[in-house]
Each structure stands twice: as C-alpha cells, then as structure tokens.
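Novice: Test case, fold it:
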Amino acid sequence: MATMHTTFTASGSFTLTDENGVNIFSYSPSFTTLPNTSAKALYAGEHLAATAGSEIALAEVNDDRVYTFIKNVDNDYPVEVEASLSEGGGSPAPKEMADLNPGECFFSPMELNGDGSGNSLKVTSATAAQKVQYLLCGAIDN
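Specialist: Numbers count the residues shown, from 1 in each chain. Down below sits the predicted model:
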C-alpha cells in the first residue's frame, strides 16, 4: 500500500485603512503543519449543507487531530459550521464555529476524542441545500 506525505499551509492577509487610504493595521498570519506520513492523510470534496444540518466525519481521517478547511461556495446564502466534539466521554456537545457568507472560508485545527466518537462537523443552511467544499488533513498524533 502506498503512503502519503503531506503538509498543509493556511494563510491570509488582513489590512485596515482609513478613509484617506492610510494603512492603520496590517496582519498576515500563516500556519504550516509538520510533515505527516499516513495511508489516510487527506480528504477533499463537496458537501451539501441541509437545512436540518448534515455531518462531515472527522474521525475517518484521524482519531486524534485533524486540520479542517471549509469554504461556502454558494453564491446567495450563508452556511453555519458547528463542531460536535465529545468531551470527557460524554455525549457530543455542538459548538458553533463559524457563520460563512458566500465565498468565505473557515480553517481550524481540531482536537478529537481519542476513540473517534462524536467527532464531526455539522454544516447547516437556512434555505435549500447549499454547497460547501472541504479539505481534511490528518495531523500528527499527540
């Protein structure tokens, strides 16, 4: 069986200028994962965010830690992203992570429950199913 060697880089740029075009604040964060070698290291695809919510399983990639990237590719409506992460062996408690307007994206490292239970992202739309694109990258286990 072949294995994959991956690193993942996320970066952005934020600039605040006043009405005269003077730069008041500028910030360009960047994040690169450590190299990871795994048979299952990277998943990418598209997912429909139903009005009742639909889940993207994270534990299929790695049962310990996953880097997640979600982009709302709908042109008209926002999408809500929630994490359902088990804490201390209890039932999953959904936590709102982001409200993505059309074209916006979300990136976060996610620490998962070691047994893989209750570890998923739930994407919900306010109207008919909206489409999101996702990239899940397995991280080095702690």
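
Novice: And the strands in this structure?
Specialist: Under the criterion DSSP state E, the chain carries strands at the ranges 4-6, 9-11, 14-17, 23-27, 30-32, 36-38, 42-49, 54-57, 65-72, 79-85, 93-100, 105-111, 120-125, 130-138.

Novice: Compile those strands into a markdown table and extend it with columns for mean pLDDT and mean neighbour count.
Specialist: C-beta here means a position set from N, CA and C on the backbone, and glycine is covered the same way. Shown next, in a markdown table, are these (pLDDT from 0 to 100; neighbours: other Cβ atoms under 10 Å):
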| stretch | mean pLDDT | mean neighbour count |
| --- | --- | --- |
| strand 4-6 | 60 | 12 |
| strand 9-11 | 77 | 12 |
| strand 14-17 | 88 | 10 |
| strand 23-27 | 88 | 9 |
| strand 30-32 | 76 | 10 |
| strand 36-38 | 58 | 16 |
| strand 42-49 | 80 | 15 |
| strand 54-57 | 76 | 16 |
| strand 65-72 | 85 | 21 |
| strand 79-85 | 81 | 20 |
| strand 93-100 | 81 | 15 |
| strand 105-111 | 83 | 17 |
| strand 120-125 | 82 | 23 |
| strand 130-138 | 84 | 21 |
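
Novice: ok, for residue 80, nearest residue in space, not its chain neighbours?
Specialist: residue 124 (4.6 Å; Cβ to Cβ, 6 or more residues apart in numbering).

Novice: Same question for residue 43.
Specialist: residue 136 (4.4 Å).

Novice: Okay, the one you found and residue 122: tell me how far apart.
Specialist: 14 Å (Cβ to Cβ, to the nearest Å).

Novice: one step back: dump the residue contacts of the residue nearest to residue 80.
Specialist: 49-54, 79-80, 82 (Cβ atoms under 8 Å, 6 or more residues apart in numbering).

Novice: Let me know the pLDDT of the residue of the chain most remote from its centre.
Specialist: Centroid-distance maximum for the chain: residue 20 at 36.2 Å, with Cα atoms, centre = their mean. We note a pLDDT of 92 for residue 20 in this prediction.
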